[in-house]
Each structure stands twice: as structure tokens, then as C-alpha cells.
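1. Take a look and give me a structure for this.
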Amino acid sequence: MELKNCVECGRSFASKQGESLCKRCMEKKVDDDFKIVREYLYSHPGADIKDVSEATGVDEKIIFKLLREERLEVVEEENSLLRCKKCGKSIRSGRLCEACKKLEFAKELKLAGEDLKRDMDKKIGYYSRD
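-> Residues are numbered from 1 along each chain as shown. Next up is the predicted model:
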């Protein structure tokens, strides 16, 4: 990690991968880029990432980030842009397909239930007087 000054606001921040913007300015830039991309897509529905990037000047990596954050969605049902991180199925946005999301949710719910049961079992006991 390297200590740098943000080129936008001048604040000091810890740069992990050579970033030139602090977290706050980076989030603002992504929000601004999102607005630009959204406006372009309203007037050009179905445009692919390369076209959107060239027309708006927004980096393709930012567009993919917006798709992964579910702020944008691919129109076509079958696409080669985004794949589920678990099973590899084609998805429209996010990181997981619906089936894998349900499995992850069920797994987390089961673990939470087990933790709760374990905590409850620890609290059950009795005292006796001699």
C-alpha cells in the first residue's frame, strides 16, 4: 500500500493498486459514469458494451462493474457477457444466477440456524443448592 493524494480532491488515501482517486471521488465518478451510460442506453436500447464505451467514453471495466452491482442489466436472455460465478450459467446482472442465489441463501440460513441453536444450547442449564 502506498500513501497518495487524490488527484480530484487532494485528500490523502492508501492506494492499493495505483489508484489516483480516493474512495469517495471514485464512487462519485462511477455514479457520474452510471448516469451517462443510463442516458445513452435510454436512447440506444440493446447497445453492446463496446458501443456504449466508445459513445460515452466510460471504460468497459466500469460498465462491467455496474452490471455486477446490478445497476445495469443485459437485455438479452442468453448473453456471453456475464456468467454466474458458481455454475457458469449466463446471467443478466449480478454475480450469481437465481438458482445459485437460492442455494447460497439456504446455506446461509442453515448456518445461522445452527449458530442460534448452538448459542441456545450453551445457555440451557440449571443450578442446584446443597
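2. From here on, just use CA atoms for contacts and neighbour counts.
-> Will do.
3. list the buried ones in the helix or strand containing Tyr42?
-> Take DSSP states H and E as the rule and Tyr42 turns out to sit in helix 23-43. Neighbour-count burial for helix 23-43, counted by 16 or more other C-alpha atoms under 10 Å, picks out Cys25, Val30, Asp33, Phe34, Ile36, Val37, Arg38.
4. pLDDT averaged over the longest helix anywhere in the chain - what is it?
-> The single longest helix within the chain, with elements called by DSSP state H, is helix 98-123. Averaging pLDDT along helix 98-123 yields 89.
5. Kindly report the same for stretch 14-34.
-> The average pLDDT within stretch 14-34 is 90.
6. about what we covered before: who touches the helix holding Tyr42?
-> Contact partners of helix 23-43, identified using C-alpha atoms under 8 Å, 6 or more residues apart in numbering, comprise Glu8, Cys9, Ala47, Val52, Thr56, Val58, Ile62, Ile63, Leu66, Leu72.
7. what about 7 Å?
-> With contacts defined as C-alpha atoms under 7 Å, 6 or more residues apart in numbering, helix 23-43 is touched by Glu8, Ala47, Val52, Thr56, Val58.
8. Quick one, which of those residues are buried?
-> Buried, going by 16+ other C-alpha under 10 Å: Val52, Val58, out of the contacts of helix 23-43.
9. Just the contacts of helix 23-43: which are in helices?
-> Per DSSP H, helices hold the following members of those: Val52, Thr56.
10. of the contacts of helix 23-43, closest to Leu96?
-> Ranked by distance to Leu96 (C-alpha to C-alpha), these are led by Ala47 at 23.0 Å.
11. what separates the closest one from Tyr40, distance-wise?
-> Look at Ala47 and Tyr40: by C-alpha to C-alpha, to the nearest Å, they are 9 Å apart.
12. same check, this time on Gly18
-> Gly18 is 30 Å from Tyr40, by C-alpha to C-alpha.
13. same thing with Glu70?
-> In terms of C-alpha to C-alpha, Glu70 sits 17 Å off from Tyr40.
14. ok, now Lys50?
-> The spacing between Lys50 and Tyr40, counted by C-alpha to C-alpha, is 13 Å.
15. now Glu98
-> Glu98 is 28 Å from Tyr40, by C-alpha to C-alpha.
16. Perfect, that will be all.
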